[in-house]
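Colleague: next come a sequence and a model predicted from it.
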Amino acid sequence: MKRRKLLSIILSLLLLVGVLSPGAAAVGARANAQPENGLSLLSFASLVYDLRQAYDRELEPDRVVPYEELNGSFVPGSVNAAAGTVDRAALSEFEAEGYTVTEGREGVVLSRPYQTRRLIVKGEVPAEDHGAVARVSGYQGLTLLQYETEEAARAAEEALQSEPGVEYVAPDRVVSTCEAAGQTSSHLSWGYGENYVGIDPFLGYLGNRPLHVVTVAVIDTGVLLTHPFLSSRVLTDNDYDFVNNDDDATDDHYHGTHVAGTVVDGTPECVKILPVKVMTSSGFGTDSTVYLGIRYAVEQGADVMNLSLGGSGINPLYEEAISEATAAGVVVCVAAGNDQCNAGSFSPANVASAITVGATDDRNRRASFSNFGDAVDIAAPGVGILSSVPAAAADGQDYKQLNGTSMASPHVAAVAACLKALDPGYTRDAVLR
């Protein structure tokens with residue numbers, strides 16, 4: 001067992017009583033005993049982990065309901081139409097179950113933003129928590145408030161907006177991988193991507209020049225550290241798992257390993273992968289966990305980040321974390337999402353300081369699943385992309401084809417890493433140019 005993991009476990013045990021005590025007061029009292037400069041990131045992460053362990057139930061990611069499944073009672077365009085024109089009969093059943101609805105080209109996107117029953121509050125620790133059963137605070141002005149029901153969390157959000165010293169309040173939403181199903185292609189890996197990006201000639205050009213070491217943080221489901229295609233590139237001394245609160249970011253899904261393989265396949269040996277696990281073996285996580293992953297990657301000196309994940313809605317938490325990462329010189333690439341809707345309604349794709357990546361097919365057309373709109377900065381290959389996966393995910397093979405803006409984003413992260421290898425001063429805007 002690594003020493004850092006042992007320290008993390010000890011810290012969790014010391015903090016466990018405070019987090020699991022009934023009512024918010026016990027955890028609040030623990031937070032009041034913190035040093036004046038607040039908790040470290042990993043200390044705060046341990047508290048958040050204990051909160052999730054105590055209160056999280058089975059969670060579900062966003063899902064798309066095709067228009068034809070709405071029995072003809074829903075007319076595309078009605079969701080965003082003027083008041084009085086919405087067909088309430090088509091939406092009332094979903095809304096009664098706690099879903100919010102976003103209109104896409106082929107169907108409606110359903111999300112349950114309050115399903116964790118947890119709120120993220122930025123600013124002064126609220127004097128009134130409006131019925132929270134537990135709270136965690138002490139890092140970067142953040143407080144997480146846990147409620148018993150979705151309805152209680154929703155009501156508390158509205159009340160907290162007017163609390164003195166509160167900058168923003170948002171639900172701790174569920175995010176998921178941006179992998180899509182349906183389309184296939186005969187092209188493999190950087191096959192048509194090489195023609196689109198011209199990566200092979202560029203790598204040949206880089207081979208004749210002095211290069212800097214570049215770290216790409218893959219903030220995802222983890223990375224299979226021992227994969228034969230990746231093992232020489234993966235950093236194993238400072239990988240971290242925010243799902244299980246330890247320092248072993250091994251992929252127990254497959255998505256992060258696939259993303260990492262695309263980065264490795266398009267970069268020279270000087271580009272290294274920092275695995276940061278923020279999503280479960282089911283392929284989804286929460287806003288707060290992703291936020292911790294972004295902060296951790298900055299602390300560890302990442303030069304480029306890839307986030308092939310997201311969910312419906314807007315959370316200022318991403319704007320804050322990604323803007324600060326960008327200001328520190330990190331190029332942050334994020335997937336646009338696969339809901340066939342405006343990426344501006346999808347986080348973190350809607351963050352202006354990130355490079356938001358849509359997906360194209362082998363004919364250089366927008367992939368049918370890809371989100372679109374002004375929030376998308378660039379598009380990259382995302383159909384039939386062959387890359388590394390754990391053998392268990394590919395019938396004993398080490399590679400598998402996947403589709404999605406998840407697969408497109410690491411193409412751009414790879415190009416950013418190549419440019420950073422030439423000149424560490426390359427910024428987001430310079431990469432896009």
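Modeller: Great, that's in hand. Numbers count the residues shown, from 1 in each chain.
Colleague: point out where the protein drops to low pLDDT.
Modeller: Counting by pLDDT under 70, the ranges of the chain that qualify are 1-37, 67-93, 95-96, 104-106, 181-198.
Colleague: just want the most central residue of it.
Modeller: The central residue of the chain, meaning the one whose C-alpha is nearest the mean C-alpha position (Cα atoms, centre = their mean), is residue 309 at 4.0 Å.
Colleague: right, and it touches residue 290 too?
Modeller: Yes. Counting by Cβ atoms under 8 Å, residue 309 touches residue 290, with 6.7 Å between them. All C-beta spots, glycine's among them, are computed from the backbone N, C-alpha and C.
Colleague: find residues that contact each of those two.
Modeller: Taking Cβ atoms under 8 Å, 6 or more residues apart in numbering as the contact criterion, the residues that touch both residue 309 and residue 290 are 175, 219, 278.
Colleague: I'd like to know how far the closest residue to the last one other than its chain neighbours sits from residue 352.
Modeller: Just to be clear, that refers to residue 278. Taking Cβ to Cβ, 6 or more residues apart in numbering, and ignoring the residues beside it in sequence, residue 278 has residue 293 as its nearest neighbour in space, at 4.1 Å. From residue 293 across to residue 352, the span is 20 Å (Cβ to Cβ, to the nearest Å).
Colleague: distance of the nearest residue in space to residue 66 that is not next to it in sequence from residue 134?
Modeller: Of all residues not flanking residue 66 in the chain, residue 107 sits nearest, at 4.1 Å (Cβ to Cβ, 6+ apart). Remark: distance between residue 107 and residue 134 (Cβ to Cβ) = 37 Å.
Colleague: check residue 58 too.
Modeller: Distance, residue 58 to residue 134, by Cβ to Cβ: 19 Å.
Colleague: neighbour count winner among the two?
Modeller: Under the criterion of other Cβ atoms under 10 Å, the comparison of residue 58 against residue 134 puts residue 134 first, with 27 against 6.
Colleague: that one contacts residue 146, correct?
Modeller: Yes. Using Cβ under 8 Å, residue 134 is in contact with residue 146, at 4.2 Å.
Colleague: in a helix, residue 128, correct?
Modeller: No. Membership of residue 128 in a helix is not supported by DSSP: H, G, I helix; E, B strand; the rest coil, which gives coil.
Colleague: how close does the closest residue to it other than its chain neighbours get to residue 135?
Modeller: Computed as Cβ to Cβ, 6+ apart, the closest residue to residue 128 that is not its neighbour in sequence is residue 163, at 6.7 Å. Using Cβ to Cβ, residue 163 is found at 13 Å from residue 135.
Colleague: give me the more crowded residue out of those two.
Modeller: More neighbours surround residue 135 than the other of residue 163 and residue 135, with 28 against 17 (other Cβ under 10 Å).
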